[in-house]
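Peer 1: Below are the sequence and a predicted model for it; my questions follow.
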Amino acid sequence: MNTVAALRAAAGTGREDPRLVAAVGELSLRSAEFGRLWARHDIRRKTRESK
């Protein structure tokens, strides 16, 4: 969830960028979970996170 929200935040106002649209489309086709999380419209800036 944090990574998808960070991607949305990083996309900023560039959500009409054809590369972003293509990437989100492909990720949504390959992962129902990604599609569900993207549809939530969460925005989260990364500050620090353990991996």
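Peer 2: Cool, the structure landed.

Peer 1: Please make it C-alpha for all contacts and neighbour counts, starting now.
Peer 2: Fine.

Peer 1: Give the buried residues for the longest helix along the chain.
Peer 2: Scanning the chain for the helix with the most residues, using DSSP state H, yields helix 18-30. Neighbour counts over helix 18-30 (16 or more other CA atoms under 10 Å) mark 24, 28 as buried.

Peer 1: Just give me how far the next helix or strand after that helix sits from the chain centre.
Peer 2: As assigned by DSSP states H and E, the chain's next helix or strand after helix 18-30 is helix 32-39. Distance of helix 32-39 from the chain centroid (CA atoms, centre = their mean, to the nearest Å) equals 9 Å.

Peer 1: So which bits of helix 32-39 are buried?
Peer 2: Result for helix 32-39 [16+ other CA under 10 Å]: buried residues 34-35, 37-38.

Peer 1: Quick check, pLDDT for the closest residue to residue 29 other than its chain neighbours.
Peer 2: With CA to CA, 6 or more residues apart in numbering as the criterion, residue 29 has its nearest non-adjacent residue at 7.6 Å, and that residue is residue 35. With respect to pLDDT, residue 35 scores 90.

Peer 1: Could you pull up the contacting residues of residue 35?
Peer 2: By CA atoms under 8 Å, 6 or more residues apart in numbering, the contact list for residue 35 reads 27-29.

Peer 1: roughly how far apart are residue 11 and residue 28?
Peer 2: 16 Å (CA to CA, to the nearest Å).

Peer 1: quick one on the thing from earlier: from residue 11, how far out is the residue nearest to residue 29?
Peer 2: In terms of CA to CA, residue 35 sits 16 Å off from residue 11.
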